[in-house]
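Visitor: Coordinates for the following, if possible.
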Amino acid sequence: MDVLELTFLGTASAVPTLIRCVSCTALRHDEGIWLFDCGEGSQIQLMKSLLKPGKINKIFITHLHGDHLFGLPGLLCTISQNNQRDAPVEIYGPLGLRHYLNTALCHSRSDICFQFVIHELQPLPFQLPDNIEEWPLQNDMTAPFHPKECPGSIIIPDENQLWHLYSDSKLSVKAVWVKHRVPSFSFIIKESGKTGKLDAQKLKSLGVSPGPLYARLKAGETVVTESGTTILPSDVVGDSIPGRTIVISGDSSDSSQLHKLANGATVLVHEATLENSLRDQCVQNGHSTPEMTASLAKSLDVKLLILNHVSSRYKPVSAKLSDDEKSAQILLDEALDILPAHKVLLAEDLFVYNVSR
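Guide: Now for the predicted structure:
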C-alpha cells in the first residue's frame, strides 16, 4: 500500500456556503476510493476534484444528521452512470441508514446499475437521544430491498466497545463511539506494516543470489544455503516499517474513546466547529472547539491534526473580510495555542493531503 491521499470535498458544518460544502472526505488508496460522509452536494464536489466516482467502493457514514447524509442517494445515482462493476459498493453507518437509503432510492425509483450492501452499526444504549421514542430508529431487516441491494449485516460492538467493520491484508477499519446528539462514530483506518528491506549486499557476501531464498527470508523463514550456512531473517532483513493510521471523526463534543485505537495516529481529521469563546454553545450542540480538538490531538500524540467541520460564520483564511465577518484563521490560531505549527492544518474544500509515512 503506497498511496493514501485525503481529499476534503466538504468542510462546512450544518449548512453549505458558497465556499464550503457540507461534510464529505475521500480517501484514495491503491485499491480504490473510500468516502467518509456524504452531505448534500458531494457529487458536485467530486466533479470538481481529480477523483473518479467510478473508483468509489466503500462509503462510511459517521452519523445520520442531514449534513453528513443527504448527498448519498444522489451520489449513488451519479456513480451508477456508465459504471458496471462486479463487486458491490459497501456502505457502513449507524442503525437507520438502510431505512433512509432504501426509502430515498425506492420511492424515487432510482435505477442503480450496480449492487450495494449496507452494514449498520448497532449503537450502545447511552448513545441514543432522550427523545428516541419520538424519533424511533427504523431497522426492519424484513423490509423490501431495493432491487440492487444485497443483504448486509448489523455490526455489534465487542466487549471493548469497538465496532469491527472491515479488514484485508492491507487495510482495516474499526469504529469507536463519540459523544453527539445522535449516535456518532469515529472511523480508524489502519494500514498493515511492511517487512523491512533485504540487505542485498550482505546476502551477496553470504553467497545468496536473488531468487526463492529472498522471498522466504522476507516471509520470516530461516534458510540454509547450498554451502550449509544458516541465515536468520534478522541477519539480513531491516526493521519493519509501521503502517499509517488515519482517523476520521464524526461530530463530537467528547472523542476520548479514540485513546483505545488512535494513539500515535498519522493523521486525525476532527471537527472544530466554533471558537473557544463559544464553548458552552458548542458542547451543548454536541460539537468541539479548536482548543478541545487540539488538546485531544496532543493527548493522542498524533503526527498531524486537520481541523474540519467549520461553522458558516467563518470565512476562508484567504477571503477579504467586511467589518462584521470573521475568518477561519481564528480556529487555526486557537489550535496553534496548543500544538506546534507543523502539527495542525485547517481544511478547505478540495484541499488534498498526501498521507506520508
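
Visitor: for the residue most central in space within the chain, phi and psi?
Guide: Central residue of the chain (Cα atoms, centre = their mean): residue 248, 4.0 Å from the mean position. Phi and psi for residue 248, reported as degrees, to the nearest 10, are phi -120, psi 110.

Visitor: Report the separation between the closest residue to residue 124 other than its chain neighbours and residue 245.
Guide: The shortest distance from residue 124 to any non-neighbouring residue, by Cβ to Cβ, 6 or more residues apart in numbering, is to residue 177 (6.2 Å). (C-beta placed from N, C-alpha, C; glycine too.) Distance, residue 177 to residue 245, by Cβ to Cβ, to the nearest Å: 18 Å.

Visitor: the more surrounded of the two?
Guide: residue 177 (24 against 20; other Cβ atoms under 10 Å).

Visitor: ok so that one is a helix residue?
Guide: No - using DSSP: H, G, I helix; E, B strand; the rest coil, the secondary structure at residue 177 is strand, not a helix.

Visitor: who's it bridged to?
Guide: Note on residue 177: beta-bridge partners by DSSP bridges are residue 185.

Visitor: That one against residue 128, yeah?
Guide: No - Residue 177 lies out of contact with residue 128 (Cβ atoms under 8 Å); the separation is 11.1 Å.

Visitor: Overlap of the contact sets of the two?
Guide: Common contacts of residue 177 and residue 128, defined by Cβ atoms under 8 Å, 6 or more residues apart in numbering, comprise residue 183.

Visitor: now the strands: where do they sit in the stretch 101-250 of the chain?
Guide: Listed in chain order, the strands of the stretch 101-250 of the chain (DSSP state E, counting those that start in this stretch) span residues 116-121, 149-150, 154-155, 163-167, 171-178, 184-191, 223-224, 230-231, 245-249.

Visitor: Now render those as CSV, adding distance to residue 100 and mean pLDDT.
Guide: CSV is the format used below for those (distance: least, Cβ to Cβ, whole Å; pLDDT from 0 to 100):
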stretch, distance to residue 100, mean pLDDT
strand 116-121, 10, 96
strand 149-150, 13, 92
strand 154-155, 15, 96
strand 163-167, 19, 98
strand 171-178, 18, 98
strand 184-191, 15, 98
strand 223-224, 56, 86
strand 230-231, 58, 88
strand 245-249, 20, 98
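
Visitor: Those strands into JSON lines, with extra columns for distance to residue 209?
Guide: JSON lines is the format used below for the strands of the stretch 101-250 of the chain (distance: least, Cβ to Cβ, whole Å):
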{"stretch": "strand 116-121", "distance to residue 209": "47"}
{"stretch": "strand 149-150", "distance to residue 209": "49"}
{"stretch": "strand 154-155", "distance to residue 209": "49"}
{"stretch": "strand 163-167", "distance to residue 209": "36"}
{"stretch": "strand 171-178", "distance to residue 209": "34"}
{"stretch": "strand 184-191", "distance to residue 209": "32"}
{"stretch": "strand 223-224", "distance to residue 209": "13"}
{"stretch": "strand 230-231", "distance to residue 209": "13"}
{"stretch": "strand 245-249", "distance to residue 209": "38"}
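
Visitor: Residue 6 is nearest to which of those?
Guide: Residue 6 lies closest to strand 245-249 among the strands of the stretch 101-250 of the chain, at 7.3 Å (Cβ to Cβ).

Visitor: What strands flank the helix or strand hosting residue 345, and is each parallel or antiparallel?
Guide: Using DSSP states H and E, residue 345 sits within strand 344-346. Under the criterion DSSP bridges, strand 344-346 sits next to strand 304-308 (parallel) in its sheet.

Visitor: next helix or strand past the partner strand?
Guide: Counting by DSSP H and E, what follows strand 304-308 is strand 314-315.

Visitor: partners of that next one, with directions?
Guide: Strand 314-315 is paired, per DSSP bridges, with strand 326-327 (parallel).

Visitor: following the strand it pairs with, which helix or strand comes up?
Guide: helix 329-336.

Visitor: Remind me what that following helix packs against, helices and strands.
Guide: When contacts are defined as 3 or more Cβ pairs under 8 Å, 6 or more residues apart in numbering; DSSP states H and E, helix 329-336 sits against helix 290-300, strand 304-308, strand 344-346.

Visitor: before we move on, back to that, contacts for the strand holding residue 345?
Guide: 294, 297, 304-307, 310, 317, 328-329, 331-332, 335-336, 353.
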